[in-house]
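# Below is the structure, and that's it, no one-letter string:
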């Protein structure tokens, strides 16, 4: 493809949608990519770069000639440029910003200092504002001029002389309106905005609830700082869903990862932690060695009881993590949730406990072993359900990073609890078992 | 609030954003809701209903006077009306459609027959089309007339005389353009569309990749049937993320569920299945009772080995489920993925196996028991990683409902595999253990 004449490549490549361009581009080898850099202007390359997968886009920027890279970054939407630069070395960032035109560099610098995952870090400053005294006609003229550079022109924000946000008007309402009306007459003062420090997950929830295409970002004095558009919100939703999911699975999920050594490196931390927790479980059982020696049959139900505890805990954990993510649980309050989970755990525990008692009685013909396993299952499910819900809720309440509220951790904690309950009871009632 | 005069309630209520209206409305008791129905026109109520949580909106419709309900449904966006009706009894749906005006009923009927989770089921028919021969001025006039009823006017689709989709133009480009140009000159013929039977997950992925605000839906002859807007896509993303998540946790997640009996009913099916699978594991260990009787110490490592197998399987499962959901895995092909997972499993297995050998040697001072557990861990992690990835991939490949590719199932299968490997090896090498 890129071997042929420049004109033909340009004609074919530029006729594609930028996303398709990026897919093609990602598939090329490095020397071919360098050809593309020489064939495309920085503006054209910026469209491609905006759609490249965020895990690899930094590598492409670094391999470009620095002057070209700086020009590309200046053309990329400001919020995307900030995302890219956040993943690069500090001194590389500084050198790109130095080469870049002052205007573009200033816009990027303004955004670079916002903390990751806040509204500030995902907003863009390329938005259109109008003032209350403009007429519809004036506003439309202003809009036409601003349209090519703005991230969206479908919501137009209205500010006063201090750049304080006072209203919003949709392009839909604007084009229906009479030309002589003023913005003040038309605008809605019912503005929903987010604060620059708000967490991106809350922002995403708002956009989804209100069905907005964009949301204004303000500081504590209601000055308009930027806007967040729905395409960025979709990326946030995907990112947050992956995060919740990774938490449950105990692994940083990256389906793009092609190198098994890197995959193994991502999965090993949890596995090593579990190894030590598992050794702890083993040492607990070792203390009951005398009990085990007397009734070796006890051992055969260990995986059953530990497995049930692990799974019921994961169910409760999953409900809690999603409840926290969607904001439902904040509304309900911890005591109410725990009371509900405890009742749920008691119901599932009693059901499973009775079932296993019956099954073991029929299978082994031993009344008391079945009773012991049944009671252990009931107690275990009750405790495991509560711990599965309580750990993430407490972590969230105290704003601790909920890594310990992850699936493998809950599972292993519940393993330990279940083994303690089971062997504790077996030892206490040994006279009935032999 | 609703006790007071009608005028005051209306003034306050209608000043809120529809989402806030819906939140207030959901919090009301039934008799208050009936007051609201009498205070608000069907048009006004429709705005509220569009934002009510989809799990409960059906109950509200049913409690309304049927004529009022039909009028509300006629005013709700067609795709939302279809979503609501899909959850109601067939005869209730029929009666609402009979009361409704023919025009509204026909639009709804057209959409009702699309299969759930296809592009057809989430699209709306309220879109704006123009023809190639219109000038910009004519198009704008047409747009102003159509704007109040259309779901979006920001993308305008261009059709030929047979209603075949031939182009698309954004409102942004339209308002910048000179008034005398024709649509044909301006439109982009590089159209990305979806087919009416496409799965909603694929549609969501496209909207996210291309950063679209809307996507046209066509039949196999390229006739434009409807459009899907980004607000519906966000709901799909949330729904699909919840689904993947539920799969991993083995429970249908509903953080809104307040009744513990209903929660328990949702969690019990998996727990009962696991109980029987657990009994199967127990019966396998029971076959090794002679081995256990000789070396009771073997039992203490059962939870460790089973737990490691379960967790590594869940990690591989999670990567595979997300890989399938995001389309990454379809690109890579099953053999390549399995080869990579097998290598990953071997690396993690060898690392953990060597670690546990060392730990047990130091702790118990027995060289061979540590070796046995270490080799078991290595073999188990290798097999469990492959099975965690292979099961969902095969299910997806054969288009089987991947309920068996869920977290609890994989965990339990891997429990069984790990116990077989561990006790099989212990029995084979018994002479070294005693």
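Received, thanks. What you see is a predicted model; the values in this text were computed from it and never measured.
# pLDDT weak spots in chain A?
Scanning chain A for pLDDT under 70 picks out the ranges A:1-4, A:254-256, A:400-405, A:433-434.
# Could you break it into its assigned domains?
Annotated domains of chain A cover A:6-113, A:129-241, A:260-433 [automatic domain parsing].
# How about the backbone phi and psi for the residue of the stretch 1-150 of chain A found nearest chain B?
Closest contact between the stretch 1-150 of chain A and chain B, by C-beta to the nearest C-beta, is at residue A:19 (4.7 Å). Heads up, the C-betas are built off the backbone N, CA and C, glycines and all. Main-chain dihedrals, residue A:19, degrees, to the nearest 10: phi -70, psi -40.
# what sits up against stretch A:64-81?
A:37, A:42-43, A:45-46, A:49-50, A:61-62, A:84-85, A:95-97, A:99-101, A:104-105, A:107-108, A:111, A:122-126, A:151, A:232 (C-beta atoms under 8 Å, 6 or more residues apart in numbering or on different chains).
# can you list the domains of chain A in CSV and add mean neighbour count?
Converted to CSV, the domains of chain A look like this (neighbours: other C-beta atoms under 10 Å in any protein chain shown):
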stretch, mean neighbour count
domain A:6-113, 17
domain A:129-241, 18
domain A:260-433, 21
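# As TSV, the ones you listed with distance to residue B:179 would be great.
Listed next are those as TSV, based on distance: least, C-beta to C-beta, whole Å:
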stretch	distance to residue B:179
domain A:6-113	27
domain A:129-241	12
domain A:260-433	47
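# Of all residues in chain A, which one is nearest the centre?
residue A:240 (1.4 Å; C-alpha atoms, centre = their mean).
# before we move on, which element is it in?
Under the criterion of DSSP states H and E, residue A:240 resides in helix A:230-249.
# tell me which strands and helices that helix is in contact with?
Counting by 3 or more C-beta pairs under 8 Å, 6 or more residues apart in numbering or on different chains; DSSP states H and E, the packing neighbours recorded for helix A:230-249 are helix A:200-210, helix A:302-325, helix A:407-428, helix B:200-210, helix B:230-249, helix B:302-325.
# if we can go back for a sec, now the residue nearest to the centre of chain A: closest residue in space that isn't a chain neighbour?
residue A:201 (5.1 Å; C-beta to C-beta, 6 or more residues apart in numbering or on different chains).
# likewise residue A:98?
Taking C-beta to C-beta, 6+ apart, and ignoring the residues beside it in sequence, residue A:98 has residue A:105 as its nearest neighbour in space, at 7.6 Å.
# follow-up on the earlier one: ok and the helix holding residue A:240 relative to helix A:302-325, angle-wise?
Angle, helix A:230-249 to helix A:302-325, by axes from the mean of the first three to the mean of the last three C-alpha atoms, to 10 degrees: 160 degrees.
# Off-centre distance for helix A:230-249?
Helix A:230-249 has its C-alpha centroid displaced from the chain centroid by 3 Å (C-alpha atoms, centre = their mean, to the nearest Å).
# now the angle from it to helix B:407-428?
Angle, helix A:230-249 to helix B:407-428, by the same axes, to 10 degrees: 30 degrees.
# Which SSE is immediately downstream of helix A:230-249?
Downstream of helix A:230-249 (by DSSP H and E), the next one is helix A:260-287.
# For that following helix, which helices and strands make contact with it?
Applying 3+ C-beta pairs under 8 Å, 6+ apart, we find helix A:260-287 packed against helix A:407-428, helix B:302-325, helix B:334-364.
# what angle do the second one and helix A:260-287 make?
Put plainly, it is helix B:302-325. On the basis of the same axes, to 10 degrees, helix B:302-325 is oriented at 150 degrees to helix A:260-287.
# touching chain A at all, the next helix-or-strand element following helix B:302-325?
Counting by DSSP H and E, the next helix or strand C-terminal to helix B:302-325 is helix B:328-332. Yes. Judged by C-beta under 8 Å from any C-beta of the partner chain, helix B:328-332 comes into contact with chain A at B:328, B:329, B:332.
# Using CSV, lay out those residues together with distance to residue A:280.
Listed next are those as CSV, based on distance: C-beta to C-beta, whole Å:
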residue, distance to residue A:280
B:328, 37
B:329, 36
B:332, 38
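# of the residues you listed, closest to chain A?
Distances from chain A to the residues of helix B:328-332 next to chain A, taken by C-beta to the nearest C-beta, are shortest for residue B:328, at 4.1 Å.
# and the closest one, how far is that from residue B:120?
26 Å (C-beta to C-beta, to the nearest Å).
# contacting residues around the residue nearest to residue A:98?
A:74, A:97, A:98.
# what does residue A:187 give?
Going by C-beta under 8 Å, 6+ apart, residue A:187 touches A:132, A:158, A:166, A:167, A:168, A:169.
# From those, pick the one nearest residue B:418.
residue A:168 (58.9 Å; C-beta to C-beta).
# Report the separation between the residue of the stretch 1-150 of chain A closest to chain B and residue A:26.
11 Å.
# re the thing from before, now, which of the contacts of stretch A:64-81 lie within helices?
Those of the contacts of stretch A:64-81 mapping onto helices are A:37, A:42-43, A:45-46, A:49-50, A:61-62, A:84-85, A:95-97, A:99, A:104-105, A:107-108, A:111, A:122, A:232, per DSSP state H.
# quick one: residue A:289 and residue B:297 touch, right?
Yes. Residue A:289 sits in contact with residue B:297 when judged by C-beta atoms under 8 Å, with a separation of 7.0 Å.
# For residue A:194, grab phi and psi.
The phi/psi pair for residue A:194 (degrees, to the nearest 10) is phi -120, psi 160.
# Can you give me the neighbour number for the residue in the stretch 101-250 of chain A that chain B sits nearest to?
Residue of the stretch 101-250 of chain A nearest chain B, by C-beta to the nearest C-beta: residue A:249 (3.3 Å). Residue A:249: 29 surrounding residues under other C-beta atoms under 10 Å in any protein chain shown.
# tell me which element residue A:227 falls in.
strand A:224-229.
# Distance from that strand to the middle of the chain?
20 Å.
# Is it positioned near chain B?
No. Strand A:224-229 does not reach chain B (C-beta under 8 Å from any C-beta); its nearest approach is 8.7 Å.
# packing partners for that strand?
helix A:119-122, strand A:155-159, strand A:214-218.
# nearest to residue B:371, of these?
Here helix A:119-122 is closest among the helices and strands packed on strand A:224-229 (C-beta to C-beta), at 51.1 Å.
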